[in-house]
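# just need the structure, nothing else, for what follows:
(2 chains)
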Amino acid sequence: MISAETHSPAAPAAVRPDSDSGPGRCVLLFMLGSGMLWLVLSAILALISSIQVHSPEFLADCAFLTHGRAQALAETAFVYGWIGNCGLALALWILCRLAGEPLRASKWAGTGAIFWNLGAAIGLAGIAFGGMTAIPMLELPRFVQPLLLASYAAVALAGVAAWTGRRREVMFASHWYAVGALFLFPWLFSVAQVMLLWFPVRGVLQAVVAGWFAQGLWTLWIAPLALAGAYYVVPRVAGMVLPAYDTAALGFWCLILLGGWTGGRHLIGGPAPAWIATVAIGAAVVLLFHYIVVFANLRPGFAGGATSLRFISFGVAAYVLGGLVDAITALRGVAVLTQFTHFDEAQRQFALHGAATMMLFGTLYFALPRIAGRSWASRGLVRGHFALYALGVLLLAVCLGTAGCIQGDALNDPKAAFADIAIMTRGWLLGATAAQILLLAADIFLAVNFFTTLASAPEGGDREGAP
Amino acid sequence: MKSGALLFLGVAAAFGLSFAGIVIGSNAQLGRQAPFYDDSEGASFPARLPGSAAAGQLAYRDLGCASCHTQQVRRAGFGSDVDRGWGDRQSVARDYIYQPYVQLGWSRTGPDLTNIAGRKPSAPDAGDLMRLLYGGQGGMPAYSFLFEDRKIVGQVSDDALKLTGRLEPPPGRQIVPTDRARELVDYLLSLNTTYDYPEAHPAPAVHPAAEAHPAPASGGEAKK
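Numbering: from 1, shown residues only, chains lettered A, B, ... in the order given. Sure, this is the predicted structure:
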């Protein structure tokens, strides 16, 4: 059964475009293209927000780009614009490929995708002009959230159709992750909306629900979307059965079961009930099993070769490393140093950019030639994209992480003034800004390559350029 | 794993479990928490937010103040929160029951604000906060868009900021806070957790060295 999926070595020359060249393809390309634009926009906003951390006067007069808002805008554009478009489109594509069918319900998906982007754009405008909710990962103003939920449902319908309409009964790891992500997002999103914005729960419970949501959005939506791509691409490009594939199901259930419980580690020492933090610490440690399984399964990617594997392997390594650091910093003795510092931000950025986005990039490099029927326009831009993005992610993590350690150490010394902490960390924060510039440049490389590829004439049989 | 129905039900159950455990569980524990009535003072705590402070919380929220400021004091011995004079005691869940949108925060690029209006020995007053918002300080940006630069017609407005040095407006001009700035400052001045709840003093710690002798509040950060 496994062999049906994994024994289909996809040598670059054997790439065939999807049989579907109709509306389904347009929908996927629309989602990927808009995701690309959101990614560039979020990188610009992240750069602004990163400059403001060390130079607070930067754009301070600009009410709609004051630091709190710039940060929220960058995060929202990234999560709802980039992941919400590109991650979702790739998950739909994978489900269709596994089903052996073209995208069904593509009118629903197309309408949904248009309104999703409209909703995200209105949401960003809402944040900029005073509707922000200040809940991590859920900064979008309340009024736009039902629209996003409805349009997500329309897009996801295509995924459900592909899943239920699959020709073979058998299901693969990429199925589980894609389907899980598809269903889990609306549940998380609607619960968080109702309990935090429409009928807010009382007092500190808001922080508990917010922590549960933000962690859930990462472990139950973003990470599974990325992993679905990795589990789909690695066996195809490496041309082999994934090692230790029997454990993949355990790894999946471990993530789905425990992922939602780890959010409380950000509440350590605070006014929320202590058991929430304790449970989160336990869950974060047990979750290490999931990371081990993912690493064991996706190991063949590290043998390298194809472009998509390079991206995915970087992503997998970052994912596993990030999980390990999450578990370590969840421990109270470590959290007392890293809590509330730039170290937290380093972890978040490393997960979002280094792990999830890198895996999505890899999947995209594999998928686009098959969706669009064109090979990537420029190999140089692909190489530049990888080098800049990898360097940017590492630099960002190291700089923010070090700044966080210095800051955490100083915060624990009651005599260290905030002005001094700012001076001590300034050099590292400047490094983080440099990293954001690299990320922005890399994103522009990708966007340029993507759009020139689409603009180029569709190719016939020759697909040598496909990674 | 072959069955689609099994996958769906399993995912739903796993999700439901974390929802039930964390959200419903903590709600069952704290959802009905009531204010604490103190006989000797003849009042109950915490107090509800005055209207302008509640409006100010919305300003605090949509400007994203929480991206640099927390509103939670951790227990003495865990971090330097109490030693820095951010509060005399750890924050407890009851402190927040009347906050419409709780802003615990996640980053301390700036100081904690849980008890900014109740700090000892001296808490900032409205004028201090207005000047801080208008001019910024250290790592904090200036929020000058919350203020109006007006021409003085007749006499100087009662609300005009008393500014000196680089912030001083040119002759004939004055800096007047907008309603939003006023509400925001009202909100900050409502952040006072000096009342001591019984649950804020849990059983003695296991490590007496760390917890038995909380250092006296230094107040060193109060004016930062």
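# for the residue of chain A found nearest chain B, which non-adjacent residue is closest in space?
Checking chain A residue by residue against chain B with C-beta to the nearest C-beta singles out A:Gly68 as nearest, at 1.6 Å. From N, CA and C alone the C-beta is placed, and that goes for glycine too. Distance criterion C-beta to C-beta, 6 or more residues apart in numbering or on different chains; nearest residue to A:Gly68, sequence neighbours excluded, is B:Gly64 at 1.6 Å.
# so the one you found makes contact with A:Leu73?
No - applying C-beta atoms under 8 Å, one finds B:Gly64 not in contact with A:Leu73, separated by 9.5 Å.
# show me which of the two is the more surrounded one.
A:Leu73 (27 against 23; other C-beta atoms under 10 Å in any protein chain shown).
# helix/strand/coil for that one?
Of the three states, A:Leu73 takes helix under DSSP: H, G, I helix; E, B strand; the rest coil.
# the one 3 residues further on too?
With three-state DSSP as the basis, the three-state label of A:Thr76 is helix.
# same thing with the one 5 residues further on?
Assigned by three-state DSSP, the conformation of A:Gly81 is helix.
# and for the strand or helix carrying B:Val185, what are the contacting residues?
Using DSSP states H and E, B:Val185 sits in helix B:179-190. Helix B:179-190 is touched from outside by B:49-50, B:52-60, B:63, B:113, B:116-117, B:125-126, B:129-130, B:133-134, B:143, B:146-147, B:159, B:177, with contacts defined as C-beta atoms under 8 Å, 6 or more residues apart in numbering or on different chains.
# let's see it at 7 Å
Taking contacts as C-beta atoms under 7 Å, 6 or more residues apart in numbering or on different chains, the residues outside helix B:179-190 that touch it are B:49-50, B:52-53, B:55-57, B:59-60, B:113, B:116-117, B:126, B:129-130, B:133, B:146-147.
# who touches the closest residue to chain A within chain B in this structure?
As assessed by C-beta to the nearest C-beta, chain A sits closest to B:Gly64 within chain B, at 1.6 Å. Counting by C-beta under 7 Å, 6+ apart, B:Gly64 makes contact with A:Thr66, A:His67, A:Gly68, A:Arg69, A:Gln71, A:Ala72, A:Met132, A:Ala134.
# residue contacts, the third one?
Which is A:Gly68. Contact criterion C-beta under 7 Å, 6+ apart gives B:Leu63, B:Gly64, B:Cys65, B:Ser67 as the residues in contact with A:Gly68.
# one more time with 6 Å
By C-beta atoms under 6 Å, 6 or more residues apart in numbering or on different chains, the contact list for A:Gly68 reads B:Leu63, B:Gly64, B:Ser67.
# in TSV: these, plus secondary structure.
Conversion of the contacts of A:Gly68 to TSV gives the following (three-state DSSP):
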residue	secondary structure
B:Leu63	coil
B:Gly64	coil
B:Ser67	helix
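# number of nearby residues for A:Trp198?
The local packing of A:Trp198 (other C-beta under 10 Å) involves 11 other residues.
# what about the residue lying closest to B:Gly110 once chain neighbours are set aside, neighbour count?
Excluding its sequence neighbours, the residue lying closest to B:Gly110 (C-beta to C-beta, 6+ apart) is B:Cys68, at 4.3 Å. Counted with other C-beta under 10 Å, the burial measure for B:Cys68 works out to 25 neighbours.
# which of the contacts of A:Gly68 lies closest to A:Val27?
The shortest distance between A:Val27 and any of those, using C-beta to C-beta, involves B:Gly64 and amounts to 34.4 Å.
# now do the closest one against B:Ile97, distance only.
Between B:Gly64 and B:Ile97 the distance is 24 Å, computed by C-beta to C-beta, to the nearest Å.
# angles on the backbone of B:Pro177, please.
phi -70, psi 140 (degrees, to the nearest 10).
# ok, B:Val73 next?
B:Val73 has phi and psi values of phi -100, psi 120 when expressed as degrees, to the nearest 10.
# so it is in contact with B:Gly87, correct?
Yes - with contacts counted by C-beta atoms under 6 Å, B:Val73 reaches B:Gly87, the gap being 3.7 Å.
# what touches both of those two?
By C-beta under 6 Å, 6+ apart, B:Val73 and B:Gly87 have these common neighbours: B:Thr114.
# returning to what we had before: mind putting the contacts of A:Gly68 in CSV, pLDDT included?
As requested, these are exported to CSV (pLDDT from 0 to 100):
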residue, pLDDT
B:Leu63, 94
B:Gly64, 93
B:Ser67, 92
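# and of those, the nearest to A:Leu337?
Using C-beta to C-beta, B:Ser67 comes nearest to A:Leu337 of the contacts of A:Gly68, at 20.4 Å.
# ok, now which ones touch the closest one?
Applying C-beta under 6 Å, 6+ apart, the residues contacting B:Ser67 are A:Gly68, A:Gln71, B:Ser107.
# try it again at 7 Å.
Under the criterion of C-beta under 7 Å, 6+ apart, the contact partners of B:Ser67 comprise A:His67, A:Gly68, A:Gln71, B:Ser107.
# the last one belongs to a strand?
No - under the criterion used here (three-state DSSP), B:Ser107 is coil, not part of a strand.
# wait, isn't it in contact with B:Cys65?
No - taking contacts as C-beta atoms under 7 Å, B:Ser107 lies outside contact range of B:Cys65: 10.6 Å.
# so for those two, which residue has more residues nearby?
Applying other C-beta under 10 Å to B:Ser107 and B:Cys65 shows that B:Cys65 carries more neighbours, namely 25 against 20.
# which one of the contacts of B:Ser67 is nearest to A:Leu47?
Among these, A:Gln71 lies closest to A:Leu47 (C-beta to C-beta), at 11.5 Å.
# neighbours of the closest residue to that closest one other than its chain neighbours, how many?
For A:Gln71, ignoring the flanking residues on the chain, the nearest one in space by C-beta to C-beta, 6+ apart is A:Ser49 at 4.4 Å. Using other C-beta under 10 Å, A:Ser49 has 25 other residues around it.
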